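Enquirer: Here is a sequence together with a model predicted from it:
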Amino acid sequence: PAAAEQTLFNRLAQDAGQLAFDRRTSGFLSRLGAHERLVIIACGTAYHAGLVGEYMLEEFAKIPVVVDLASEFRYRGPMLDRDTTVLAITQSGETADTLAGIRLAKTQGAKVLAICNVMGSSIAREADAVLYTHAGPEIAVASTKAYTSQLTALYLLTLHLAKVRATLEPVRWQELAQGLQRLPTLLQRALATERPIKAIARRYAAARDFYYLGRRYNFPSALEGALKLKEICPRIHAEGYAAGEMKHGPISLIRKGWPVVFIATDSPIYEKVISNVEEIRARKGECLVIASEGNKAVARHAEALITVPKTEELFSPAVVAVPLQLLAYHIARLNKCDIDQPPNLAKSVTVE
């Protein structure tokens with residue numbers, strides 16, 4: 001909650017009526033053209049934040065967006081020009097692949113905006129403008145509050161661009177701005193899920209395979225939840241998928257007792273997610289469902305249920321990140337894993 005609050009500080013007015021950025025960032029954003037397109041590059045958890053950003057920027061700001069793994073971006077021969085903005089998302093500002101990506105972008109005339117936590121880092125220095133997350137130092141290798149703050153920065157960017165491009169009705173824009181202002185409070189409330197999550201972790205700590213499934217904004221949440229578990233509990237194999245893709249192959253692996261974490265918060269395609277849940281249950285898999293508060297009907301579809309505060313769909317990835325992180329933490333703890341310093345991982349990947 002504090003990380004999101006720091007990212008919002010002095011940027012979203014108390015009445016949620018105005019957004020403000022530093023002069024360098026404001027000037028940069030004012031130069032974006034009517035035909036601008038965005039290419040988001042990032043690695044790991046930051047890449048998942050970028051995937052969420054793609055959904056919101058296209059839906060609300062009506063800007064075409066491509067998201068690329070920074071480690072692949074410069075090897076696919078990207079076609080960039082002066083109407084392209086490359087948005088680099090990085091916690092450390094030193095990620096080697098992301099740094100190489102923005103350097104390539106500049107050689108092709110593209111503009112570069114960074115979402116970064118560390119002031120004075122290499123990417124912060126080389127970008128044309130920086131939206132700092134101000135999340136503070138993150139000690140553990142696995143990214144937690146950095147992810148929340150990156151999402152928060154993307155929410156701010158989306159609302160700003162939607163306003164200047166007049167792609168939202170003023171009343172709707174105000175609703176979203178107020179929802180963003182409430183986000184730190186919702187994250188604090190989401191921490192209350194820890195007690196039931198401890199019990200769920202005890203039930204499934206011995207499992208050695210997990211699936212994480214979601215759709216739309218929470219497809220990236222599924223990827224992030226699976227990444228967190230395999231990062232800090234290397235004894236367990238976990239994979240995240242778009243829920244609709246299960247029938248295209250992965251469902252063949254489901255066997256009795258296989259735990260599948262579903263993100264099934266309120267959304268326009270909630271019923272489709274529940275249909276996916278029933279497909280897993282029909283094959284004797286066990287469904288751990290993260291749903292919105294007040295949804296009493298979902299309990300009959302779940303072997304284990306976690307409820308999170310109800311919010312606008314675009315804010316749900318930030319809210320569900322809390323129980324996903326807590327679930328990974330408690331399963332790893334029960335497996336006696338080194339949570340802060342997992343084997344074979346580094347906090348900042350500064351080599352290719």
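Expert: Everything's here; your move. The structure presented is a predicted model; accordingly, all values stated were derived computationally and were not measured.
Enquirer: mind listing the helices for the stretch 51-200 of the chain?
Expert: Using DSSP state H, counting those that start in this stretch, the helices of the stretch 51-200 of the chain run over residues 70-73, 96-107, 122-126, 145-164, 170-181, 183-190, 194-204.
Enquirer: so can I have CSV of the ones you listed showing mean pLDDT and mean neighbour count?
Expert: C-beta: built from backbone N, CA, C; applies to glycine. Listed next are the helices of the stretch 51-200 of the chain as CSV, based on pLDDT from 0 to 100; neighbours: other C-beta atoms under 10 Å:
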stretch, mean pLDDT, mean neighbour count
helix 70-73, 95, 22
helix 96-107, 96, 20
helix 122-126, 97, 18
helix 145-164, 96, 24
helix 170-181, 95, 16
helix 183-190, 96, 20
helix 194-204, 95, 16
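Enquirer: now for those helices, which one comes closest to V260?
Expert: Each of the helices of the stretch 51-200 of the chain was scored for nearness to V260 using C-beta to C-beta, and the closest is helix 194-204 (10.5 Å).
Enquirer: Other residues contacting that closest one?
Expert: Here helix 194-204 makes contact (C-beta atoms under 8 Å, 6 or more residues apart in numbering) with 210, 259, 286, 288, 304, 306, 323, 326-327, 330-331, 333-334.
Enquirer: Can I get the buried part of those as one ChimeraX selection?
Expert: Selection of buried members from the contacts of helix 194-204 for ChimeraX, criterion 16 or more other C-beta atoms under 10 Å:
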select :210,259,286,288,304,306,323,326,327,330,331
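Enquirer: ok, the contacts of helix 194-204 vs L253, which is closest?
Expert: Of all the contacts of helix 194-204, F210 has the smallest distance to L253: 11.4 Å, by C-beta to C-beta.
Enquirer: Nearest residue to the residue minimising distance to the centre of the chain in space, please, no chain neighbours.
Expert: The chain has A49 as the residue nearest its centroid, 3.4 Å off, counting by C-alpha atoms, centre = their mean. Counting by C-beta to C-beta, 6 or more residues apart in numbering, A49 lies nearest to Q150, which is 4.0 Å off, once chain neighbours are set aside.
Enquirer: you'd agree the one you found is up against L131?
Expert: No: look at Q150 against L131 with C-beta atoms under 8 Å: they stay out of range, at 9.5 Å.
Enquirer: overlap in contacts of those two?
Expert: When contacts are counted by C-beta under 8 Å, 6+ apart, Q150 and L131 have I115 as shared neighbours.
Enquirer: Which pLDDT does the model give M246?
Expert: For M246, the model assigns a pLDDT of 88.
Enquirer: OK, contacts around G33?
Expert: When contacts are counted by C-beta under 8 Å, 6+ apart, G33 touches D83.
Enquirer: hang on, V261 is in a strand, isn't it?
Expert: Yes: membership of V261 in a strand is supported by DSSP: H, G, I helix; E, B strand; the rest coil.
Enquirer: For A328, see how far away it is.
Expert: Remark: distance between V261 and A328 (C-beta to C-beta, to the nearest Å) = 10 Å.
Enquirer: before we move on, back to that, among the helices of the stretch 51-200 of the chain, which is nearest E138?
Expert: When those are compared by C-beta to C-beta, helix 145-164 sits nearest E138, at 5.3 Å.
Enquirer: which helices and strands does the closest one pack with?
Expert: Applying 3 or more C-beta pairs under 8 Å, 6 or more residues apart in numbering; DSSP states H and E, one finds that helix 145-164 contacts helix 2-8, helix 23-30, helix 44-60, strand 111-116, strand 129-132, helix 170-181, helix 183-190, helix 316-334.
Enquirer: Can I get the ones you listed in CSV including distance to K310?
Expert: Shown next, in CSV, are these (distance: least, C-beta to C-beta, whole Å):
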stretch, distance to K310
helix 2-8, 17
helix 23-30, 31
helix 44-60, 18
strand 111-116, 27
strand 129-132, 28
helix 170-181, 11
helix 183-190, 9
helix 316-334, 9
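Enquirer: out of the ones you listed, nearest to N218?
Expert: Each of these was checked against N218 via C-beta to C-beta, and the shortest separation belongs to helix 316-334, namely 6.0 Å.
Enquirer: Output that closest one in CSV, but only the C-alpha positions, please.
Expert: Presented in CSV, the C-alpha positions along helix 316-334 are these (Å, rounded to 0.1, in the frame of the first residue of the first chain):
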residue,chain,number,x,y,z
SER,A,316,-7.7,-5.6,-10.1
PRO,A,317,-4.2,-6.7,-11.1
ALA,A,318,-2.7,-4.5,-8.4
VAL,A,319,-5.2,-5.8,-5.8
VAL,A,320,-4.9,-9.5,-6.7
ALA,A,321,-1.1,-9.2,-6.7
VAL,A,322,-1.3,-9.1,-2.8
PRO,A,323,-2.8,-12.6,-2.3
LEU,A,324,-0.7,-14.0,-5.1
GLN,A,325,2.4,-12.9,-3.4
LEU,A,326,1.2,-14.1,0.0
LEU,A,327,0.3,-17.5,-1.4
ALA,A,328,3.8,-17.9,-2.9
TYR,A,329,5.4,-16.6,0.3
HIS,A,330,3.6,-19.1,2.7
ILE,A,331,4.1,-22.1,0.4
ALA,A,332,7.8,-21.3,0.1
ARG,A,333,8.1,-20.9,3.8
LEU,A,334,6.4,-24.3,4.4
